[in-house]
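Peer 1: Model the following, please.
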Amino acid sequence: MKKMNPYDIGHYFEDFVSGETFLHATSKTIFESDNNLFSLLTMNHHPVHTNLDYASKEQHGKILVVGTLVFSLAVGITVPDISGKAIANLGYEEVKHLAPVFINDTIYCRTKILDCTPSKSKSDRGIIYVETFAYNQHGVDVLSFKRKVLVKRKPK
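Peer 2: Residues are numbered from 1 along each chain as shown. So this is what the prediction gives:
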């Protein structure tokens, strides 16, 4: 019987193909407690995120989830497929909030591999360039971002 390493997640550089899209299996429903804790931890005390009375009188009429929470969840959702074997995230680009996210929305993600470039200085790694879209339970894209990830190559 083969024993699996519980920390053996992600894909090696050679496993990524430009143009391929991952539909990530993980998803997350955002509860009021998630939004409140994130607001407290990050010191984002804007009342549109934490005050039901205030939010009810604003554009959407209800509490909005903090955008950086949605971003953090989207990055986390992609870890098993995209950065599980990462050496480092090299940078994030073009973070776009495309639609509002509300309490009890469920976030799903898909990631397209835009480019794969072997490292010029170290043969044991390469850089993948990806674009991720987070979308809600209605299929509406709510967030997008691009990033470059330094990923291990398969051991020889």
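
Peer 1: Assumed residue 76 was part of a helix.
Peer 2: Yes. Note on residue 76: a helix contains this position according to DSSP: H, G, I helix; E, B strand; the rest coil.

Peer 1: Spit out the contact partners of it.
Peer 2: Neighbouring residues of residue 76 by Cβ atoms under 8 Å, 6 or more residues apart in numbering: 26, 28. Backbone N, C-alpha and C define where each C-beta goes, glycine included.

Peer 1: hmm, 10 Å instead?
Peer 2: Residue 76 makes contact with 24, 26, 28, 83, 107, 109, according to Cβ atoms under 10 Å, 6 or more residues apart in numbering.

Peer 1: Residue 40 is in what secondary structure piece?
Peer 2: helix 32-41 (DSSP states H and E).

Peer 1: And the helix or strand sitting right after that helix along the chain, how far out from the chain middle?
Peer 2: Tracing the chain C-terminally past helix 32-41 and defining elements by DSSP H and E, one meets helix 47-50 next. Using Cα atoms, centre = their mean, to the nearest Å, we find the averaged C-alpha position of helix 47-50 to lie 23 Å away from the chain's own average C-alpha position.

Peer 1: ok, now stretch 23-38?
Peer 2: 11 Å.

Peer 1: can you check stretch 73-83 too?
Peer 2: What separates the centre of stretch 73-83 from the centre of its chain is 5 Å, taken as Cα atoms, centre = their mean.

Peer 1: and residue 21, what are its bridge partners?
Peer 2: Beta bridges link residue 21 to residue 112, judged by DSSP bridges.

Peer 1: cool, residue 97 as well?
Peer 2: residue 143.

Peer 1: which residues touch it?
Peer 2: Taking Cβ under 10 Å, 6+ apart as the definition, contacts of residue 97 comprise 67-68, 70-71, 134, 142-145.

Peer 1: How much space separates it from residue 65?
Peer 2: Distance, residue 97 to residue 65, by Cβ to Cβ, to the nearest Å: 10 Å.

Peer 1: got it, and residue 24?
Peer 2: Here the criterion is Cβ to Cβ. By it, residue 24 lies 19 Å from residue 65.
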